[in-house]
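I would like the atomic coordinates for the input below:
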Amino acid sequence: MHPYLEISPEVQKALDNNQAIVALESTLVAHGMPYPKNIETAQKLENIVRENGAIPATIAIINGRLKVGLNKDELQLLGTSKEVLKVSRRDIPMVIAKKLNGSTTVASTMIIASIAGIKVFATGGIGGVHRGAQKSFDVSADLMELANTRVAVVCAGCKSVLDIGLTLEYLETHGVAIVGYKTKNFPAFFTRKSGFKVDFSMESIQELATTFQAKLDLKLKGGMIIANPIPKEFEMPYEIIQEAIDDAIEESEERGLIGKEVTPFLLKRIDELTEGTSLYSNQKLVYNNALVAAQLAVELKSLK
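The predicted model follows:
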C-alpha cells in the first residue's frame, strides 16, 4: 500500500479480484461544471461505467490523501466547496503536506491511477498547447504526463479552445500514440472534426485493447490517447462554437488570465455565450467516453 493512497472498499475489491476499473477525474466536478450539474454528471458517469461491466474510480485529493473512489459526501464536498484546489503534477506534494482538498486534472488523475494500478481513464478532453503559446509558453502538463505515464486515456480529443495543430505536434514529438475510435479525424471536443487527421483509426474495442496491451507488454513509456468523437446528434455547429470560443479567449486575455485559471473560465464563458448548449454537449461527450472506457477496461481483462 502506498503511504499517501486511500482506495475505497469497492475499488479495492475490484483490484483484489482483477476486475475492470475505469479512473475518472474530479476537476469536472470542482471546476468544470456548475452545481448541481457537476454532481449529477459525476454520478451518471459512475453509473455508466458500472452498467458496462467495470468499476468506477473517481479520483481526488481529500485532506491530503490520494483518494481512489469517492463516497457521496466526498463528491458533495468537491462539488460545493470553494476551497478545492485544481491540482496538477507539480501541486501534489504541497496539497498532501498541507492536508488540503484538490480536484485532479488529466495529469494528476493519470499519476494517481497509475499508482493504484488502474490502466484506463475516461475524461472529457485533454489539455494541450494554448493559443499564443509561442509567446506565453502555456502548455498543459497533461501532454508531458501522456508522454510518461502508462494509462489509456479515452477523450473527445483536446479542448477546442487550444491550438490543436501544435498540440498534435507536441504529442508526436514525445511519442504519444493517438488512435481514432471509429474515426479518421481528430475530434475537437464539441465537434467531431478539427481539421486534423489521426494516424491510426480502429473500428472495435478489441483492436483498441490489443493495441494498448501491446504497448504495455513492450514496456513502452507513456500512455495512449483514444480519440472518441462526440456523438453526431450532440455535436455543436462549428461556426457557433468557434465564435463563442474566440469571444471567450478575447475576454480571458483582457482579464489577464494565465495558467490553470484559463480553461475553467473559457468553458464557463462559452456555456454562457451558447446559452447552455455547450454544457449539454460537454455532458454527452463525457458520458460517451465513460462508455467506451468501460468497454475497453473489460476487454483488456479478457485478453489476460
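
make it CA atoms for all contacts and neighbour counts henceforth
OK.

tell me the phi and psi of the closest residue to residue 98 other than its chain neighbours?
Closest residue in space to residue 98, ignoring its immediate chain neighbours: residue 64 at 6.7 Å, by C-alpha to C-alpha, 6 or more residues apart in numbering. Backbone geometry at residue 64, expressed as degrees, to the nearest 10, gives phi 80, psi 0.

kindly provide the distance from residue 169 to residue 175.
10 Å (C-alpha to C-alpha, to the nearest Å).

which other helices and strands contact whichever strand or helix holds residue 109?
Per DSSP states H and E: residue 109 is located in helix 106-116. When contacts are defined as 3 or more C-alpha pairs under 8 Å, 6 or more residues apart in numbering; DSSP states H and E, helix 106-116 sits against strand 21-24, strand 55-62, strand 65-68, helix 141-148.

quick one: closest of those to residue 271.
strand 21-24 (22.3 Å; C-alpha to C-alpha).

hmm, back to that, mean neighbour count, the helices and strands packed on helix 106-116: which tops it?
Across those, the average number of neighbours (mean count of other C-alpha atoms under 10 Å) peaks for strand 21-24, which reaches a mean of 30.

longest helix in this protein, please.
Criterion DSSP state H: the longest helix present in the chain is helix 277-303.

which elements pack onto that one?
By 3+ C-alpha pairs under 8 Å, 6+ apart, helix 277-303 packs against strand 21-24, helix 37-51, strand 120-122, strand 152-155, helix 205-217, helix 262-273.

that older thread, turn the helices and strands packed on helix 106-116 into CSV, columns for distance to residue 254 and mean pLDDT.
Output for the helices and strands packed on helix 106-116, formatted as CSV (distance: least, C-alpha to C-alpha, whole Å; pLDDT from 0 to 100):
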stretch, distance to residue 254, mean pLDDT
strand 21-24, 33, 98
strand 55-62, 32, 98
strand 65-68, 36, 98
helix 141-148, 24, 97
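
of the ones you listed, which is nearest residue 257?
helix 141-148 (17.4 Å).

show me how far that closest one is from its chain's centre.
12 Å (C-alpha atoms, centre = their mean, to the nearest Å).

for the helices and strands packed on helix 277-303, give me a markdown table that also has distance to residue 187.
Formatted as a markdown table, the helices and strands packed on helix 277-303 follow (distance: least, C-alpha to C-alpha, whole Å):
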| stretch | distance to residue 187 |
| --- | --- |
| strand 21-24 | 20 |
| helix 37-51 | 21 |
| strand 120-122 | 15 |
| strand 152-155 | 9 |
| helix 205-217 | 17 |
| helix 262-273 | 17 |
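
distance between the longest helix of the chain and the chain's centre?
11 Å.

got the buried residues for stretch 202-211?
For stretch 202-211, burial by neighbour count (16 or more other C-alpha atoms under 10 Å) applies to 202, 205, 206, 208, 209, 211.

same check on stretch 161-176?
For stretch 161-176, by 16+ other C-alpha under 10 Å, it's 161, 162, 163, 164, 166, 167, 168, 170, 171, 174, 175, 176.

what do you get for stretch 29-36?
29, 30, 31, 32, 33.

stretch 66-80 now?
66, 67, 68, 69, 70, 75, 76, 77, 78, 79, 80.

need these in a markdown table with distance to residue 183, can you?
Supplementary listing: the buried residues of stretch 66-80 in a markdown table, determined by distance: C-alpha to C-alpha, whole Å:
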| residue | distance to residue 183 |
| --- | --- |
| 66 | 35 |
| 67 | 34 |
| 68 | 32 |
| 69 | 32 |
| 70 | 33 |
| 75 | 34 |
| 76 | 36 |
| 77 | 38 |
| 78 | 35 |
| 79 | 34 |
| 80 | 37 |
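
so which of the residues you listed comes closest to residue 187?
Among those, and counting by C-alpha to C-alpha, the member closest to residue 187 is residue 79, at 28.0 Å.

how much space between that closest one and residue 41?
Residue 79 is 11 Å from residue 41, by C-alpha to C-alpha.

and what of residue 159?
Residue 159 is 18 Å from residue 41, by C-alpha to C-alpha.

pick out whichever of the two has more residues nearby.
Neighbour tally, residue 159 and residue 41, criterion other C-alpha atoms under 10 Å: the higher count belongs to residue 159, 23 against 20.

wait, doesn't that one sit right on residue 125?
Yes - look at residue 159 against residue 125 with C-alpha atoms under 8 Å: they come within range, at 5.3 Å.

so for the residue of the chain positioned farthest from its centre, what's the pLDDT?
Most distant from the centre of the chain: residue 254, at 27.7 Å, with distances by C-alpha atoms, centre = their mean. Per-residue pLDDT puts residue 254 at 92.

residue contacts, residue 208?
179, 202, 226, 296 (C-alpha atoms under 8 Å, 6 or more residues apart in numbering).
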